[in-house]
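Trainee: After the sequence you'll find the predicted model.
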Amino acid sequence: MTGVIVKGVAGAYTVLSDGVRHVLSARGSLRGADLIPAVGDRVEFSLGDGARGGWLLRVLPRRNELGRPPVANLDAAVIALACASPPPDLSLADALLYQAGKVGVPVIIVANKRDLGEGSMEDILSQYAECGAPAYGVSAKTGEGLGELRGALRGKVFALCGQSGVGKSSLLNALYGTSLPVGELSAKIGRGKHTTRYCELIPVEGGGMALDTPGFSLIDVGIVPPDDIACRMTEFAPYSGSCRFSPCTHRSEPDCAVRGAAEAGYIHFNRWARYCVAYDAAEALWRRRYG
């Protein structure tokens, strides 16, 4: 039999097959393999006898996979930001955008809580206007913008990613009428409290599946070639061929067309500035490892 892993907790995997959920354990041979089953994996399984639910036998080839959140076979990664409360962590969003692009997962940017700040929403959307990902300003509270976002997600298997408190569970509740628990910001630290404890795929209206994920504040993209950071900055492409030097890191080289475009406002300056910080960090790690 075949199905899709929709939840995995403490070695127990819930597999959806023909509308029926089965709670399964991984066979010893699968547990010993390098490939760890993930939510979203298509799998082969067998049913058990009596009290035993059954066994995962094989993970079928993946189209793609993310390391954080740990999920496979996505049609889209939805990077959720809050216009306010908590303040948007755009460096985290950049890292998620990089991670998704590296493994071939299309990205959608969502600025939630527009009811708390239209100006902030417009600033967020402008920073990602040229990054190659569609972007939407919405409010889970008032319903603004949800119809357009719902249409963009129709039929897709997607993961909501982002820091705690941006309203990922609230968005799913507003989009699809689910009843996921939602939390409030911590008054002391101004961050969201974790309400989602594990990843779970939820079938939604329109034939798709939504993955509500635990929030996080940091993401480690690992040791990567610094130039790979630049290659994934889509908005650099129209200008990078006009730099005086080749290769060019697009930071401090003279007559750098990319830096010039950022200074002139053709590339959002803050997005370019965060790129420089990310490049410096990647370069330091790369030299420490390979220098």
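Mentor: Thanks, I have it.
Trainee: Could I get the full set of strands for this protein?
Mentor: 2-9, 12-17, 20-26, 42-47, 54-59, 65-66, 71-72, 76-82, 107-112, 135-137, 157-161, 200-203, 209-212 (DSSP state E).
Trainee: Nearest to residue 224, out of those strands?
Mentor: Judged by CB to CB, the one of the strands of the chain that comes nearest to residue 224 is strand 65-66, at 15.2 Å. (Glycine included, C-beta is placed from N, CA and C.)
Trainee: my read: residue 175 touches residue 146, true?
Mentor: Yes. Residue 175 is within contact range of residue 146, at 5.9 Å (criterion: CB atoms under 8 Å).
Trainee: between the two, which one's more packed in?
Mentor: residue 175 (21 against 17; other CB atoms under 10 Å).
Trainee: tell me the contacts of the more buried one?
Mentor: Applying CB atoms under 8 Å, 6 or more residues apart in numbering to residue 175 gives the contacts 146, 149, 150, 153, 204, 210.
Trainee: of those residues, buried ones?
Mentor: Neighbour counting by 16 or more other CB atoms under 10 Å classes 146, 149, 150, 153, 204, 210 among the contacts of residue 175 as buried.
Trainee: Of the residues you listed, which is the nearest to residue 122?
Mentor: Using CB to CB, the buried ones among the contacts of residue 175 come closest to residue 122 at residue 149, 16.7 Å.
Trainee: Surely the closest one touches residue 138?
Mentor: Yes. Contact status for residue 149 versus residue 138: in contact at 5.6 Å, counting by CB under 8 Å.
Trainee: Would you report the backbone torsion angles of the residue nearest to residue 285 when sequence neighbours are not counted?
Mentor: Spatially, and ignoring its direct neighbours in sequence, residue 285 is nearest to residue 223 (5.0 Å; CB to CB, 6 or more residues apart in numbering). With angles defined as degrees, to the nearest 10, residue 223 sits at phi -90, psi 110.
Trainee: and residue 223, how far is that from residue 241?
Mentor: Separation of residue 223 from residue 241 (CB to CB, to the nearest Å): 28 Å.
Trainee: For residue 250, give me the pLDDT.
Mentor: Here, the pLDDT recorded for residue 250 equals 97.
Trainee: Oops, could you answer that again for residue 197 instead?
Mentor: For residue 197, pLDDT reads 58.
Trainee: what's around residue 62, how many residues?
Mentor: Residue 62 has 15 nearby residues by other CB under 10 Å.
Trainee: Dig out what the residue lying closest to it once chain neighbours are set aside forms beta bridges with.
Mentor: Among residues not flanking residue 62 along the chain, residue 72 sits closest, at 4.6 Å (CB to CB, 6+ apart). Counting by DSSP bridges, residue 72 is bridged to residue 65.
Trainee: model confidence over the longest helix that the chain contains, on average?
Mentor: Counting residues, the longest helix in the chain under DSSP state H turns out to be helix 269-290. The average pLDDT for helix 269-290 rounds to 93.
Trainee: Show me what that helix packs onto, helices and strands only.
Mentor: Under the contact definition 3 or more CB pairs under 8 Å, 6 or more residues apart in numbering; DSSP states H and E, helix 269-290 sits against helix 90-102, helix 226-231, helix 257-264.
Trainee: now the first one and helix 269-290, what's the angle there?
Mentor: Right, the one you point to is helix 90-102. With axes from the mean of the first three to the mean of the last three CA atoms, to 10 degrees applied, the angle from helix 90-102 to helix 269-290 works out at 70 degrees.
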